[in-house]
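> Whatever this is, show me its structure:
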Amino acid sequence: MIATPRPDEPERSFSERYADMPTGQTPPPVKPDDGKGGGGRRTRILAGGGLAIIVVAGALVGSQLLQQIGSSKNLPSAPAGAALASVDPAKGVLDRFWAVVTDPGLSYHVTSSGSWSGPDGSSSFTSSLDVAGGGYAGVITAKGRGKPVTSQVIRIDPFTWTRTGKAAWTRITSNDPKDRSQPFLFLDSPSALAYAGAVARNGQNLHLLRSTDGYQPYVAGLLNLGTFLLSKDVIRLEIYVTDQGVPVEADFLCDGGGMTADGKPVFRGSAQRMFSKFGSKFTIAPPAS
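From the prediction side, this is the model:
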């Protein structure tokens, strides 16, 4: 529930799995930014059934009934070529997933860890957030060139409050989509995901959903960046969900900015998210002071 704001494997990690991934040819020149990160060459760290019905016609008595029960020859057979009704399991999982994540009152806990390297250096981050509808609250720790910095954060659209240590809270107003918790992982269309099969992961029987070319996320929001202005050359999101479509884990990879002289991405970032406590009641409220 969001309070009204005041007016004033042992598996390898995701990044290790893709560390040696072929990167292909150098992409075309970078175009101007489209608002989701598509041009320029700078990055900045974020500070803060069927039911079968059998109709029996006529009546059988005595030994005739017993004879029919005991003989399979008297059982009716399906017409040649008849097909049983079936449901596509892939569609079922996808439908249940979308029903879960598009609920306006969606709530869950998420822990994240990620890193990136690019023209501005490198950085890593961890976070632990309670999410309720369009708001969230928790802590984010980022490490760049200096010591790690841990900040508290509260988001009630369009306001974001942050503070480091015992410093005073700072409030900003932001309509930047990268700061929002909805849509879930910036998945704004069913065409952005495809069913990739049933998998066993960390002792669980799950289903893998993988992004398509239709997935165009806000990279900055997924990698804890202030902004992302490079070309998006490789975008990959993998989500592991239960039979009920509830997300358990999400792994994200982004290569951008073209290639270096030695054939490596100018920018590479990855992040892993672990989800829990779906449906929990979290109260996201402005800071007390």
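> Just give me the neighbour total for A220.
Residues contacting A220 under the criterion other Cβ atoms under 10 Å number 23. Where you see a C-beta, it was placed from the backbone N, CA and C, and this is true even at glycine.
> my read is it is in a strand, agree?
No. A220 sits outside any strand when classified using DSSP: H, G, I helix; E, B strand; the rest coil, being helix.
> That one touches G226, doesn't it?
Yes. Using Cβ atoms under 8 Å, A220 makes contact with G226 at a distance of 6.6 Å.
> separation between the closest residue to W161 other than its chain neighbours and M259?
Among residues not flanking W161 along the chain, I154 sits closest, at 4.4 Å (Cβ to Cβ, 6 or more residues apart in numbering). For I154, the distance to M259 under the criterion Cβ to Cβ, to the nearest Å works out to 40 Å.
> of these two, who's got more company?
Neighbour tally, I154 and M259, criterion other Cβ under 10 Å: the higher count belongs to I154, 20 against 16.
> Bridged to that one, which residues?
Beta-bridge pairing for I154 (DSSP bridges): A137, W161.
> So what's the predicted local confidence for it?
We have a pLDDT of 98 for I154.
> do D88 as well
We note a pLDDT of 78 for D88 in this prediction.
> Relative to Y195, how far out is it?
Counting by Cβ to Cβ, the gap from D88 to Y195 is 9 Å.
> R268 contacts G257, doesn't it?
No. Under the criterion of Cβ under 8 Å, R268 lies out of contact with G257, with a separation of 9.2 Å.
> Pull the contacting residues for the closest residue to I140 other than its chain neighbours.
In space, I140 comes closest to S127 once its chain neighbours are excluded; the distance is 4.3 Å by Cβ to Cβ, 6+ apart. Residues touching S127, when contacts are defined by Cβ atoms under 8 Å, 6 or more residues apart in numbering, comprise 110-113, 138-141, 224.
> now that we have those, which one has the most neighbours?
Scoring the contacts of S127 on neighbours with other Cβ under 10 Å, the highest-scoring entry is N224 at 24 neighbours.
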